[in-house]
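> Fold the following.
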Amino acid sequence: MPTAPITVTYDPPEHGWVKLRLTIADQEIQIDASDVPNNPLQELAVAVREIGEGRNASVWWHLEPEWSVMSFSHVLEGIRLEIEHLKSPDDATSKQSIVVYSGADVLRPFLVFLQNFRSKGIAEPN
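All right, here's what the predicted structure looks like:
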């Protein structure tokens, strides 16, 4: 599993869509997500709080029609981040999964991202 730090960047939201990029070493994962039917940024804020409180958490990113799911879980090494790609939320057979990071400092880049995003004062529904 990679030991390089995670970097989270984004493009300003447009019409309810946000483009999120996770960079780990030389690997980049891009998620272009809609805020319908759920708000993934709100889910991410809740997930960061829950994992910080010792619970596992996940965030659903709707790609219309597909989905990405970020799962944060506690493991011996620290916190594990797994990203799954699903054709639909009900079709477990379409699941493609990759563990992108496991280590003690998984939450910090997401906290920085959320603080930065909030500081921009971006209005809903963007």
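> low-scoring stretches of this protein, by residue?
Where the chain drops to pLDDT under 70, the residues are 1-4, 92-97, 100, 104, 122-126.
> please redo it, this time with the cut-off set to 50
When residues are selected by pLDDT under 50, those of the chain lie in 2, 126.
> So which residues of it form strands?
6-14, 17-24, 27-34, 57-62, 67-75, 78-86, 96-103 (DSSP state E).
> Flag every buried residue along the fourth one.
Neighbour counts over strand 57-62 (16 or more other C-beta atoms under 10 Å) mark Ala57, Ser58, Val59, Trp60, Trp61, His62 as buried. Glycine gets a C-beta too; all of them are placed from N, C-alpha and C.
> any idea of the angle it forms with strand 78-86?
In terms of direction (axes from the mean of the first three to the mean of the last three C-alpha atoms, to 10 degrees), strand 57-62 departs from strand 78-86 by 30 degrees.
> Distance from stretch 77-85 to the middle of the chain?
Centre-to-centre, stretch 77-85 and its host chain are 10 Å apart (C-alpha atoms, centre = their mean, to the nearest Å).
> Next: stretch 27-43.
That offset, for stretch 27-43, works out to 7 Å (C-alpha atoms, centre = their mean).
> Just the C-alphas of it, formatted as CSV.
C-alpha atoms of stretch 27-43 as CSV (Å, rounded to 0.1, in the frame of the first residue of the first chain):
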residue,chain,number,x,y,z
GLN,A,27,-1.5,7.8,-8.9
GLU,A,28,-4.5,10.2,-9.5
ILE,A,29,-8.1,9.3,-8.9
GLN,A,30,-10.6,11.7,-10.3
ILE,A,31,-14.3,11.8,-9.2
ASP,A,32,-16.8,13.9,-11.0
ALA,A,33,-19.7,13.8,-8.7
SER,A,34,-23.3,15.2,-8.6
ASP,A,35,-25.0,16.5,-5.5
VAL,A,36,-28.2,14.6,-6.5
PRO,A,37,-29.6,12.5,-4.8
ASN,A,38,-27.1,13.0,-2.0
ASN,A,39,-24.7,15.7,-1.0
PRO,A,40,-21.3,13.9,-0.9
LEU,A,41,-19.5,16.9,0.6
GLN,A,42,-21.8,16.8,3.5
GLU,A,43,-21.4,13.1,3.8
